[in-house]
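>>> the sequence isn't on hand, but the structure is:
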Ligand code: MHO
């Protein structure tokens, strides 16, 4: 006859002894496997806390300002401005036409453009204009390089008389550099800036999955608001000033160098 008093409880009979003091029952083991599996399955989409001091709002007496420019493909335009000191956020969209709610596949008379949100204490409109002129060919008619068409025309969208005055002055200066061709850039009062579809925002950054992961796979809304994302978008397009391009490159190298030994223990 079986001595029931000597039977061990189920949890003990099938348990696994990990060390002298730690014993895992089947239930515990199952839970550990579930947790570990979900960890590895989700590893692709792990998000780190957003270390970026966003949303950045400027100071109460000097609030942030926005400027809008059209200078060819907005993928590149966004990257042209994102790395500048004092630029807080960037977004791409459509403006300059009459069609309400334009979309990428039906822009009609709108132009692709970039909206630049900046801190006027750190960068001024005049400096943004300098970047605008030096970042595209304002003498090419309705296009930039191979991108030809109305949607790629060059426009400075203004918002008030002071901006219009500065834009007109800068255009004159640009024209005076050479009279052999005409500067085609239009200066227009900004009516409505329509945000482009999410897939066009921070387009250059989105082509680089390593950078996205290093930034913690921010969701779309955060990516759009993020100051770091604006910078990294420029970095991905290699449009940051050379010294910043090098600095970010070195930091990424550092992260990779420090973390690869972790893999040795796999
Ligand atoms: N040359 C670019 C234009 C894209 S754009 C956002 C391309 O088709 O790849 O219009």
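Alright, I've got the coordinates. Remember, predicted model here, so these are calculated numbers, not experimental data.

>>> wasn't residue 94 part of a strand?
Yes. Residue assignment for residue 94, taken from DSSP: H, G, I helix; E, B strand; the rest coil, places it within a strand.

>>> got the residues of the chain near the ligand?
Where proximity means C-beta under 6 Å from any ligand atom, the interface of the chain facing the ligand comprises 73-75, 112, 147. To be clear about C-beta, it is placed using only N, CA and C from the backbone, and glycine gets the same treatment.

>>> pick the one among those closest to residue 244.
Residue 244 has its nearest neighbour among the residues of the chain next to the ligand in residue 75, at 19.7 Å by C-beta to C-beta.

>>> my read: that closest one touches residue 199, true?
No. Using C-beta atoms under 8 Å, residue 75 and residue 199 do not qualify as a contacting pair, with a distance of 10.4 Å.

>>> neighbour count winner among these two?
residue 75 (21 against 10; other C-beta atoms under 10 Å).

>>> now the more buried one: which helix or strand?
When elements are defined using DSSP states H and E, residue 75 is found to belong to helix 74-81.

>>> same question, residue 132
Following DSSP H and E, one finds residue 132 within helix 125-134.

>>> which helices and strands does that helix pack with?
Here helix 125-134 is seen to pack against strand 65-71, helix 74-81, helix 161-176 when contacts are counted using 3 or more C-beta pairs under 8 Å, 6 or more residues apart in numbering; DSSP states H and E.

>>> so which of the ones you listed gets nearest residue 260?
When the helices and strands packed on helix 125-134 are compared for distance to residue 260 using C-beta to C-beta, the nearest one is helix 74-81, at 28.9 Å.

>>> residue of this structure nearest the ligand, please.
The shortest separation between the chain and the ligand is 3.9 Å, found at residue 73 (distances taken as C-beta to the nearest ligand atom).
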